[in-house]
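Undergrad: Fold the following.
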Amino acid sequence: MIQAMHELAATHLDPFLYERIAEKIAGLIQKRTFRPGEKVPSVRRMSLQERVSISTVLQAYFLLEDRGLIEARPQSGFYVRLQPRPLLPEPAISKPSLSASQVNVSELVASIHDAIARPDIVPLGAATPSEELLPVKRLNRILARIARESDGEEHSYGVIQGSPDLRHQIARRSVDWGCSFSEEDIVVTFGCTEAINLCLRAVAGPGDVIAVESPTYYGFLQIIESLKMKALEIPTHPRDGICLEMLDNAIQRNPIKVCLIVSNFSNPIGSRIPQAKKKELVQLLFRKQIPLIEDDIYGELYFDQERPGVCKAFDTNGQVLLCSSFSKCLSPGYRVGWTSPGRYKDEVKRLKLMNSLSTVIPTQLAISEMLRTGGYDHHMRRIRRAYSSQVQKMTEAIGHYFPNGTRVTRPRGGFVLWVEFPKTVDTLELYRKALEAKISIAPGSLFSPKQLYRNCIRINCAHPWNDKLDLAISTLGKLVV
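TA: Okay, here's the model as predicted:
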């Protein structure tokens, strides 16, 4: 811990430390000191040799992975790739105009979700986890036992704030994110969608301006649309997230009521706001007296060694409303989410009472037991490895099948990729052609209230790689014109 703290300070003074380590290994590969198929020094060995933290070495190795020079092998380490793959460039930072607009995305979103239900469709459109990777049997056993041993409590409405057992387990885990919640700080919700909805209603009203990342999750836009609010897009970097300078500029020019972001592995571009920048964001909004609604639904799906922290960790006055759920990692169908809304808790509870009264008790108890017994941690280690591998395989397939001029993001967590085609490509037309070929994608205009990004798509990588997926990506590449 002490070494990591010293390292963090040193890295703050010299942000290119991990890049120098990466260049050293790259040079050794170029000189064939390490040949294709050979193992490079272990993370621990390199950490001791270079006198840096394990996280710094991992960052260097992930950079080499992005460059296609090495690859991770489960339970074994990092190896020089047999055939270095050419990497597609990343998209540049977005450049939306800093003006608020009405939102109208619901119709297209509905059509995409209708396509998901069709068994003949390859589901690359919606960001839903694969049932093959979820702990379905274990959750079924837990739920069956809860039903057998029930004393009737599970058939009542339950307390508005949610199961005390589940809230206790969430509070215990908040330490890993840099927070220190008590169970009284948490309100359980009907998925993360309800959490975001309640938090927005607690801090803003019809006509108010909501600052969002650009591109942003279309679910946010649907909520903003339903509440008759306005969205203002802020330029966002595909790796480091929302641009604070442009956010500050937008605040000076617009009556922004609240800022709504995904802090870790955002949907759709997979950006992760660095810890120092998260602190700057919280401080900026504190100075402006603007609440921050933080969605951390993908925070547990990290590919690196450590879970990233949250903006809420830097909240000293209750102005950050943290939201999340278990939909992306345990069960979308259980619809169990939660929020820690800080100073707005009483208002969120009041709105919860009017909105849905309470959240289903048996599913809360099942998830609580997964968290308490360690089953959750075992499952998460497996699913993180799977998503990391699947994102890499999808990235390689895109590089192989998609046309010249294509760009793709390089997320270090989550399970979605943002693909940018040349400006001449109309992805709404591609969406229609893909559906005819029984492939679902999410066109980029969905992720912008002004319907920008018409040459972009979001692709879901959650499903285990197979010949059917490979054929679908190959077909998409042929449909792009």
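
Undergrad: Arg320 touches Glu294, doesn't it?
TA: Quick fix: residue 320 reads Val, not Arg. Yes - Val320 is in contact with Glu294 according to Cβ atoms under 8 Å; the separation is 5.8 Å. For every residue, glycine as well, the C-beta is placed using N, CA and C.

Undergrad: Give me the common contacts of the two.
TA: Listed as contacting both Val320 and Glu294 by Cβ atoms under 8 Å, 6 or more residues apart in numbering are 311-312.

Undergrad: now the helices for the stretch 151-300 of the chain?
TA: Along the stretch 151-300 of the chain, counting by DSSP state H, counting those that start in this stretch, helices occupy 164-173, 191-203, 218-226, 244-253, 275-288.

Undergrad: Out of these, which is closest to Ile261?
TA: helix 275-288 (7.9 Å; Cβ to Cβ).

Undergrad: and that closest one with helix 244-253, angle?
TA: 10 degrees (axes from the mean of the first three to the mean of the last three Cα atoms, to 10 degrees).

Undergrad: buried ones in the longest helix seen in the chain?
TA: Using DSSP state H to define each element, the chain has its longest helix at helix 375-401. Buried residues in helix 375-401, defined by neighbour count with 16 or more other Cβ atoms under 10 Å: 375-376, 379-380, 383-384, 386-398, 401.

Undergrad: That helix: what's the following helix or strand?
TA: Later in the chain than helix 375-401, the nearest helix or strand by DSSP states H and E is strand 407-408.

Undergrad: What is that next one packed up against?
TA: helix 375-401, strand 416-420 (3 or more Cβ pairs under 8 Å, 6 or more residues apart in numbering; DSSP states H and E).

Undergrad: Which of the ones you listed sits closest to Ile256?
TA: strand 416-420 (24.7 Å).

Undergrad: average pLDDT for that closest one?
TA: Strand 416-420 carries an average pLDDT of 98.

Undergrad: what's the neighbour count on the residue nearest to Arg167 when sequence neighbours are not counted?
TA: In this structure, Arg167 finds its nearest non-sequential neighbour in Glu183, 3.8 Å apart by Cβ to Cβ, 6 or more residues apart in numbering. By the measure other Cβ atoms under 10 Å, the count of residues near Glu183 is 17.

Undergrad: Then Leu17?
TA: Leu17: 18 surrounding residues under other Cβ under 10 Å.

Undergrad: Show me the protein divided up by domain.
TA: Domain segmentation of the chain under automatic domain parsing yields 2-80, 107-131+378-479, 150-375.

Undergrad: picking up where we left off before, including distance to Gly27, could the helices and strands packed on strand 407-408 go into JSON lines?
TA: Listed next are these as JSON lines, based on distance: least, Cβ to Cβ, whole Å:
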{"stretch": "helix 375-401", "distance to Gly27": "24"}
{"stretch": "strand 416-420", "distance to Gly27": "30"}
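
Undergrad: Endpoint to endpoint, stretch 350-360 covers what distance?
TA: Stretch 350-360 has its terminal residues 18 Å apart, counting by Cα to Cα, to the nearest Å.

Undergrad: hmm, back to that, quick one: the residue nearest to Arg167 from Ser368, how far?
TA: 11 Å (Cβ to Cβ, to the nearest Å).

Undergrad: Spit out the residues that contact the two alike.
TA: His168.

Undergrad: Can you give the contact residues for stretch 25-35?
TA: Residues from elsewhere that reach stretch 25-35 (Cβ under 8 Å, 6+ apart): 40-41, 60-61, 64, 67, 69-70, 80.

Undergrad: Closest one to Thr427 out of those residues, please.
TA: Arg67 (27.8 Å).

Undergrad: Tally up the residues packed near the nearest residue to the closest one once chain neighbours are set aside, please.
TA: In space, and not counting its chain neighbours, Arg67 is closest to Leu87: 6.3 Å by Cβ to Cβ, 6+ apart. Applying other Cβ under 10 Å, we find 16 residues neighbouring Leu87.

Undergrad: for Ser76, same thing?
TA: Considering only other Cβ under 10 Å, Ser76 is surrounded by 9 other residues.

Undergrad: residue contacts, it?
TA: Contacts of Ser76 (Cβ under 8 Å, 6+ apart): Lys39.

Undergrad: That one and Ile383, how far apart?
TA: Taking Cβ to Cβ, one finds Ser76 at 19 Å from Ile383.

Undergrad: For stretch 320-339, buried residues please.
TA: Buried, per 16+ other Cβ under 10 Å, within stretch 320-339: 320-332, 334-339.

Undergrad: same check, this time on stretch 46-57
TA: Judged by neighbour count using 16+ other Cβ under 10 Å, the buried positions of stretch 46-57 are 46-47, 50, 52-57.

Undergrad: Can you tell me which of the helices and strands packed on strand 407-408 is nearest to Ala171?
TA: The closest of the helices and strands packed on strand 407-408 to Ala171 is helix 375-401. By Cβ to Cβ, the value is 14.7 Å.

Undergrad: and that closest one with helix 164-173, angle?
TA: Going by the same axes, to 10 degrees, helix 375-401 makes 60 degrees with helix 164-173.

Undergrad: Quick check: mean pLDDT of helix 375-401?
TA: For helix 375-401, mean pLDDT is 91.

Undergrad: between that helix and strand 416-420, what angle do the directions make?
TA: Put simply, helix 375-401 runs at 20 degrees to strand 416-420, going by the same axes, to 10 degrees.

Undergrad: Output the contacting helices and strands for helix 375-401.
TA: Where contact means 3+ Cβ pairs under 8 Å, 6+ apart, helix 375-401 is packed against helix 361-373, strand 407-408, strand 416-420, helix 467-479.

Undergrad: among these, which is the most enclosed?
TA: strand 416-420 (a mean of 25; mean count of other Cβ atoms under 10 Å).

Undergrad: With just CA atoms, put that one into CSV.
TA: This file holds the C-alpha atoms of strand 416-420, laid out as CSV (Å, rounded to 0.1, in the frame of the first residue of the first chain):
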residue,chain,number,x,y,z
VAL,A,416,-19.3,-2.8,-25.8
LEU,A,417,-17.3,-1.3,-28.6
TRP,A,418,-17.8,2.0,-30.5
VAL,A,419,-17.1,1.7,-34.2
GLU,A,420,-16.6,4.8,-36.4
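
Undergrad: between that strand and helix 467-479, how many degrees?
TA: Orientation check (the same axes, to 10 degrees): strand 416-420 against helix 467-479 gives 20 degrees.

Undergrad: Residues touching strand 416-420, excluding its own?
TA: Residues from elsewhere that reach strand 416-420 (Cβ under 8 Å, 6+ apart): 91, 127, 215, 238, 267-270, 391, 394-395, 398, 402, 406-409, 411, 444, 453, 455-461.
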